[in-house]
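Student: Just to be clear, the model below is a prediction. Sequence and coordinates:
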Amino acid sequence: MNKLFKIFSILTVLSIVLLVAVTTNSNNFKNNPLSNKIIEKIEKKNNIIKQTINRRYAIDVDIPIKIEDKIKDNLFGMATYRDGKIEIILNKNRFQENENYMIDYVLPHEYAHALMFHFKNFTKQNGGHTKKWQQICLNIGGLKCDRFVGHNDILMEKLPFY
């Protein structure tokens, strides 16, 4: 009985320590801007996409990218068109799940929407995910240009053998 109590006590203490660590990490992420390392990765990918757009479509685009934590949790990002201005908004909270997915999958996905706006193609067909949109996404370096998030793609990178 005494041995069982010790094991239970150790597990309880370890669980509390782990819970505090996870909560602290989550709060630190939530209350601070993205790290400089992540910002640099976004800027690098942004420059690659812009160069690809220039090469493939002979246009020079300068689409602002905002990182916000005020957009719906189910959105990874969105491209907006207001008063003739195009903007890409990325969900800051989703970077905590998988920063590489946000940069390599979501950013080109949203850039493809932004280019559709640039070309004055405002179709709502299939939620804006037409064959033309998909082709643009692939042309500018999108790795997987699907309408919805590939949850397996997000999780696979977190596995230790990936």
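Tutor: That came in fine, so what should we check first?
Student: Could you use CA atoms for every contact and neighbour count after this?
Tutor: OK.
Student: Mind checking what secondary structure the spatially most central residue of the chain has?
Tutor: Residue closest to the mean C-alpha point of the chain, counted by C-alpha atoms, centre = their mean, is Met102 at 2.3 Å. Under the three-state scheme (DSSP: H, G, I helix; E, B strand; the rest coil), Met102 adopts helix.
Student: ok, how many other residues are close to the closest residue to it other than its chain neighbours?
Tutor: With C-alpha to C-alpha, 6 or more residues apart in numbering as the measure, Phe95 is the residue that lies nearest to Met102, at 6.3 Å, once sequence neighbours are left out. Using other C-alpha atoms under 10 Å, Phe95 has 18 other residues around it.
Student: hang on, the earlier thing: mind listing what the residue nearest to the centre of the chain touches?
Tutor: Phe76, Leu90, Arg94, Phe95 (C-alpha atoms under 8 Å, 6 or more residues apart in numbering).
Student: rewinding a little: state the distance from the residue nearest to Met102 to Asp73.
Tutor: Separation of Phe95 from Asp73 (C-alpha to C-alpha, to the nearest Å) stands at 12 Å.
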